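Chemist: requesting a structural model of the entry that follows:
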Amino acid sequence: MVSLRLAEIGREPWTEFLEGHSSGSLFHTWAWQDVLEAGFGVRVNRLGIFDGAELCGILPLAERQMSLLTLAGAPLSGTATPYGGPLGVEIAPVLPALESYAAQRRIDYLEIGLDSADQRVCARLEQAGYTTEILKTLTLPLPADEAALWAGLEVRCRNAVRKAQKSGVRITQAERLEDWLEPYYELSCGVYRRQDKQPPFTREYFRQLWLNFHAGGDLTVLLAHYEDRMVAGAIFPRERRVAYYLDGVSDREYNKVVPNNLIQWEFLQRALNDGITLYDMVGANIPSIAKFKQSFGSTESAYLYAYRNRTLQAKLGRALYARYGGKLKKILRQGGGE
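Modeler: Numbers count the residues shown, from 1 in each chain. So this is what the prediction gives:
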């Protein structure tokens, strides 16, 4: 391939291409892009990567306006998407085409997230003006049977599962949207309020996840109940034989009965029975959360995040946001800006 180009394509060629590539992820699916548009208010440019007339790859490029800046990413930060760069083609030959496309759309800032962290790829991105960071997730290849799965849990994790069971924590799987949406959303808001943060997820985001993935059997929502009250929940989408721990919430008042451990154990059993071979717990960059995830026998895997300020305005904007963004959000919340 000498010179690639990017152009928007429709659902049929996108889906056909994705189905022909075993390395495609949940975050490359057309349905996931629908969730991003409805749940986060971004525009997703569903780009085909062409070598002449041949479609040789796909690239979901999310785009949003922030003040006077146009931001774009594959994936874009703040859209609950850890990785999702080009599929079918290595990143290096795509960069000139991406730069040309960004210039046409007057994009000020670009992000790229890849599900691996090859040093040669890092070097190529840095040569193209990107700043690169190595991030971590935790993955768990599922064993052949439940006994091996249980043996893979750390002792403290097995004890927590037993404690939840003995305490009377009960796990149910949501079958209807109305079974879980409102209480789950309220718990989600509570989690972020305790951290003095604005909740990143809307009701519409959770609703779209359900509408786009549940009917096809690709979304599991598990809820933990204690004394007739929903005290925790978690969302697990899947793509082929890979499952993801996309989100989890809990009421801190009930941490003593460790419902989150029991939710994870229940899901692992279901995943094993459903033919899941790899469980990606999505993120290991917060030590306390990483410790919890590691207790289920998962191990660290590296992935790549890269960003580039294409304009001076983007460079200044990112510097100001890094320095004052937290203070500004706090002021807005105190003034009723939520």
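
Chemist: show me where this structure dips below the pLDDT cut-off.
Modeler: Counting by pLDDT under 70, the chain has low-confidence residues at 1-2, 321-322, 324-338.

Chemist: please, where are all the strands along it?
Modeler: Using DSSP state E, the strands found in the chain span residues 4-8, 43-51, 54-66, 69-74, 109-114, 131-141, 170-173, 219-226, 229-239, 242-244, 247-250, 278-280, 299-309.

Chemist: partner strands of the first one and their direction?
Modeler: On the basis of DSSP bridges, the sheet neighbours of strand 4-8 come out as strand 43-51 (antiparallel).

Chemist: Thr70: what's it in contact with?
Modeler: If you count contacts by Cβ atoms under 8 Å, 6 or more residues apart in numbering, Thr70 has them with 63-64, 105-109. Where you see a C-beta, it was placed from the backbone N, CA and C, and this is true even at glycine.

Chemist: only whichever of those are buried, select them in PyMOL.
Modeler: With 16 or more other Cβ atoms under 10 Å as the burial test, the buried ones among the contacts of Thr70 are selected in PyMOL as follows:
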select buried, resi 63+64+107+108+109
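
Chemist: now, the most widely separated pair of the contacts of Thr70?
Modeler: In those, the most distant members under the criterion Cβ to Cβ are Arg64 and Arg106, with 13.5 Å between them.

Chemist: kindly reformat the strands of the chain as TSV containing distance to Arg318.
Modeler: Formatted as TSV, the entries for the strands of the chain read as follows, by distance: least, Cβ to Cβ, whole Å:
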stretch	distance to Arg318
strand 4-8	24
strand 43-51	21
strand 54-66	10
strand 69-74	9
strand 109-114	7
strand 131-141	10
strand 170-173	42
strand 219-226	34
strand 229-239	30
strand 242-244	29
strand 247-250	27
strand 278-280	29
strand 299-309	6
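
Chemist: for the ones you listed, which one sits closest to Gly190?
Modeler: That would be, of these and by Cβ to Cβ, strand 247-250, which comes in at 7.7 Å.

Chemist: helices and strands around that closest one, which ones?
Modeler: In terms of contacts (3 or more Cβ pairs under 8 Å, 6 or more residues apart in numbering; DSSP states H and E), strand 247-250 is packed against helix 181-194, strand 229-239, helix 259-273.

Chemist: Glu37 is nearest to which of the ones you listed?
Modeler: Glu37 lies closest, by Cβ to Cβ, to one member of those: strand 229-239, at 16.7 Å.

Chemist: identify the residues contacting that closest one?
Modeler: The list of residues contacting strand 229-239 from outside it, by Cβ under 8 Å, 6+ apart, reads 24-26, 29, 169, 180, 183-184, 187, 206, 209, 213, 218-225, 243-251, 253-254, 257, 259-260, 263-264, 267, 271, 274, 276.

Chemist: which of the residues you listed count as buried?
Modeler: Among the contacts of strand 229-239, those that count as buried by neighbour count (16+ other Cβ under 10 Å) are 24-26, 29, 169, 180, 183-184, 187, 206, 209, 213, 218-225, 243-251, 254, 257, 259-260, 263-264, 267, 271, 276.

Chemist: circling back: closest one to Tyr305 among the helices and strands packed on strand 247-250?
Modeler: Closest to Tyr305 of the helices and strands packed on strand 247-250, according to Cβ to Cβ: strand 229-239, at 20.7 Å.

Chemist: for burial, what's the neighbour tally of the closest residue to Leu61 other than its chain neighbours?
Modeler: Distances taken as Cβ to Cβ, 6 or more residues apart in numbering place Asn45 nearest to Leu61, at 4.4 Å, with adjacent residues excluded. Counted by other Cβ atoms under 10 Å, the residues lying close to Asn45 total 19.

Chemist: for Asn45, give its distance to Arg106.
Modeler: Distance from Asn45 to Arg106, counting by Cβ to Cβ, to the nearest Å: 13 Å.

Chemist: please apply the same query to Ala7.
Modeler: Using Cβ to Cβ, one gets 17 Å for the distance from Ala7 to Arg106.

Chemist: next: Asn273.
Modeler: Look at Asn273 and Arg106: by Cβ to Cβ, they are 50 Å apart.

Chemist: how is this structure divided into domains?
Modeler: When the chain is parsed with automatic domain parsing, its domains come out as 4-137+302-334, 143-276.

Chemist: touching, Asn212 and Val35? I think so.
Modeler: Yes. Distance between Asn212 and Val35: 5.5 Å, which falls inside the contact criterion (Cβ atoms under 8 Å).

Chemist: which of the two has more neighbours?
Modeler: When Asn212 is set against Val35 and neighbours are counted by other Cβ under 10 Å, the residue ahead is Val35, at 25 against 21.
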